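Peer 1: Coordinates for the following, if possible.
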Amino acid sequence: MDWSTFDDKKLLSTYCALMAELEGRGIVRSANNPVADYSETLVSRALGLSLEPRSKAGYDALGGDGTRYQIKGRRLTAENSSPQLGAIRNLAQRPFDILAAVVYAQDLSVLYGALIPVEVVVEQGRYSPHTNSHIFMFRRNVLEDARVTDIAPLLAAPVAQLVAGPGSLPAPVGRTGSGSLPENRGEFPAGSAKEGKA
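Peer 2: Below is the predicted model of the structure:
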């Protein structure tokens, strides 16, 4: 499709219709910027997590053992290749146990992803007085930390099934609580989730 043939109004209305359809299919949870919602869907389905209500402050999903996950995604483009994740607020209060982060190429294909204990976020993050939040640069070398778990292989199946079309993958576990990490989902370091607790 040649998007250059669309006038501004048609292009914007097409975008809005597209976002509404993605929300209806359960791929995103709102009609806003799709990267954050897509990341929540992708990670929660890959790890069997329960998504929390959008009003929940500090974390986005729960594991069956009560581990709190904040989920963030970053899409790299030719204009902006920074791997800086969105603002992380109230970090001193340890509002989550694990940061689940995913970095995408411009076409939203997964480049890399990880489960990062809150201690690592505290150590490597930087406080920004301007935004009253912490900034975390999710570069590939973060994966070299022994406390960090690579989840890119686990994300491959949900991506493939989402691409296959509506109804190809069950919805995330309900948003109030009982999701758990299946034993065959990959090798997580012993106690990795619990080690992230305050």
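
Peer 1: State the three-state secondary structure for Val142.
Peer 2: Classification of Val142 using DSSP: H, G, I helix; E, B strand; the rest coil returns helix.

Peer 1: contacting residues around it?
Peer 2: The contact partners of Val142, by C-beta atoms under 8 Å, 6 or more residues apart in numbering, come to Ala114, Ile116, Val120, Gln124, Val148. Any C-beta I mention is one placed from the backbone N, CA and C, and that applies to glycine too.

Peer 1: Roughly how far does it sit from Ser4?
Peer 2: Val142 is 38 Å from Ser4, where distance means C-beta to C-beta, to the nearest Å.

Peer 1: picking that back up, mind checking which of the contacts of Val142 land in helices?
Peer 2: Counting by DSSP state H, the contacts of Val142 place Val120, Gln124 in helices.

Peer 1: Quick check: of the contacts of Val142, which lies closest to Ser39?
Peer 2: Ala114 (12.3 Å; C-beta to C-beta).

Peer 1: pLDDT score for the closest residue to Ala61 other than its chain neighbours?
Peer 2: Sequence neighbours aside, Leu49 is the residue nearest to Ala61 in space, at 3.9 Å (criterion: C-beta to C-beta, 6 or more residues apart in numbering). At Leu49, the model reports a pLDDT of 95.

Peer 1: List the buried residues of the longest helix seen in the chain.
Peer 2: Secondary structure assigned by DSSP H gives helix 8-24 as the longest helix of the chain. Using 16 or more other C-beta atoms under 10 Å as the test for burial, helix 8-24 gives Met19, Leu22, Glu23.

Peer 1: cool, stretch 104-119 as well?
Peer 2: Going by 16+ other C-beta under 10 Å, stretch 104-119 has these buried residues: Tyr104, Val110, Tyr112, Gly113, Ala114, Leu115, Ile116, Pro117, Val118, Glu119.

Peer 1: which residues touch the nearest residue to the fourth one once chain neighbours are set aside?
Peer 2: Beyond its immediate neighbours in the sequence, the residue positioned closest to Gly113 (C-beta to C-beta, 6+ apart) is Val102, lying 4.0 Å away. For Val102, the contacting residues are Ser39, Leu42, Val43, Ile71, Lys72, Gly73, Arg74, Val110, Tyr112, Gly113, Leu155, taking C-beta under 8 Å, 6+ apart as the criterion.
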